[in-house]
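Q: Sequence and predicted structure below; questions after.
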Amino acid sequence: MVSFVIPAYDEERLIAGTLAALQDAARVAGEPYEIIVVDDGSTDRTAAIATAHGVRVVPVSYRQIAATRNAGARAARGDRLIFVDADTCVNGRVVRAALATMRAGAVGGGCAVRFDEPLPAWARMLQPCFGGLQRAARLAAGCFLFCTREAFVAVGGFDERVYGAEEIFMSRSLKRCGRFVVLREAVLTSGRKLRAHSGREILGVLGALLARGPRSVQSRHALGLWYRPRREDPADDPRAKSV
């Protein structure tokens, strides 16, 4: 069985689209599957919407993405795990490719990522660079990471000492465990952070990670990009759509 694990916090606006796309993709893949939404203390209708879509909801109160992902893995019954962010739409091609890669002996991997439009100019310009770096370093993006249950257990799951960039540390751990593949197939994820935050803010977080390593993500206080109240997506502003 394939277990899809979706960590979620206050995602009522996007979770329905994510679940609909994932259910379509899983049916196309043609293997038994389950979908688990790990609702990490949401204050909106995230859990109710997920339940209405017929998926299993696991309530937790961690407000830490690594711990939330691990809770979903513990609840999962599958021998293959695919972690999908609540603002990400997957397709049958990427799911089939991930499953085929694991059947061929890989312990896990990630995939290419596209962001929904509109994007600020700086993000459009840098997106190919980030994609190239991701492939060269063989790192999964947080919005889509897959691995076998055996490999997940062997590396101890996601590192709960960090509050962000957990997919980078997980990718590195899995690479030490066996073959790790970044697929050419892509998922579509939300560009809302790129629209709501300046390039300086986002590049500052990435720069701190490069300069200080794990120390930069061992406290949620330095990671307002993820843990402060979410800024409104400018793309949702009707005035922006009418321009």
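A: Now that the structure is in, tell me what you want to look at.
Q: By residue count, tell me the biggest strand in the chain.
A: Once the chain is assigned using DSSP state E, the strand that runs over the most residues is strand 180-189.
Q: how about that strand as CSV, C-alpha atoms only?
A: Taking Å, rounded to 0.1, in the frame of the first residue of the first chain, the C-alpha atoms of strand 180-189 are listed here in CSV:
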residue,chain,number,x,y,z
PHE,A,180,18.0,8.7,-3.7
VAL,A,181,16.4,10.1,-6.9
VAL,A,182,15.1,13.5,-7.9
LEU,A,183,12.5,12.9,-10.6
ARG,A,184,12.2,15.0,-13.7
GLU,A,185,8.4,14.9,-13.3
ALA,A,186,7.0,17.9,-11.5
VAL,A,187,4.3,18.9,-9.0
LEU,A,188,2.6,22.3,-8.9
THR,A,189,2.9,24.0,-5.6
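Q: Which parts of the protein are helices?
A: 15-29, 46-52, 65-75, 92-103, 121-137, 149-155, 166-177, 192-196, 199-212, 224-227, 238-242 (DSSP state H).
Q: okay if I get the ones you listed as TSV plus mean neighbour count and mean pLDDT?
A: Every residue, glycine included, has its C-beta placed from N, CA and C. Formatted as TSV, the helices of the chain follow (neighbours: other CB atoms under 10 Å; pLDDT from 0 to 100):
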stretch	mean neighbour count	mean pLDDT
helix 15-29	19	97
helix 46-52	19	98
helix 65-75	21	98
helix 92-103	19	98
helix 121-137	13	85
helix 149-155	17	98
helix 166-177	20	96
helix 192-196	19	90
helix 199-212	13	77
helix 224-227	16	73
helix 238-242	8	38
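Q: Figure out which of those helices is closest to Met1.
A: helix 149-155 (9.8 Å; CB to CB).
Q: ok, back up a step: also compute the angle for the longest strand of the chain relative to helix 92-103, please.
A: Relative orientation of strand 180-189 versus helix 92-103 (axes from the mean of the first three to the mean of the last three CA atoms, to 10 degrees): 160 degrees.
Q: From the chain's centroid, how far away is strand 180-189?
A: Per CA atoms, centre = their mean, to the nearest Å, the displacement of strand 180-189 from the mean C-alpha position of its chain is 12 Å.
Q: Asp116 contacts Val187, doesn't it?
A: No. In this structure, Asp116 is not within contact of Val187 by CB atoms under 8 Å, at 10.9 Å.
Q: more neighbours, those two?
A: Between Asp116 and Val187, counted using other CB atoms under 10 Å, Val187 has the larger neighbour count: 24 against 16.
Q: is it true that the more buried one touches Gly110?
A: No. Val187 lies out of contact with Gly110 (CB under 8 Å); the separation is 9.4 Å.
Q: what do these two both touch?
A: Listed as contacting both Val187 and Gly110 by CB atoms under 8 Å, 6 or more residues apart in numbering are Phe144.
Q: Show me the residue sitting in the middle of the protein in space.
A: What sits nearest the mean C-alpha location of the chain, by CA atoms, centre = their mean, is Cys143, with 2.2 Å.
Q: okay, that one: pLDDT?
A: The per-residue pLDDT reported for Cys143 equals 96.
Q: re the thing from before, what's the longest strand of the chain packed up against?
A: strand 88-89, helix 92-103, strand 108-115 (3 or more CB pairs under 8 Å, 6 or more residues apart in numbering; DSSP states H and E).
Q: hmm, back to that, Serialize the helices of the chain to CSV and add fields for distance to Ile82.
A: As requested, those are exported to CSV (distance: least, CB to CB, whole Å):
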stretch, distance to Ile82
helix 15-29, 9
helix 46-52, 16
helix 65-75, 11
helix 92-103, 6
helix 121-137, 18
helix 149-155, 11
helix 166-177, 13
helix 192-196, 22
helix 199-212, 25
helix 224-227, 21
helix 238-242, 33
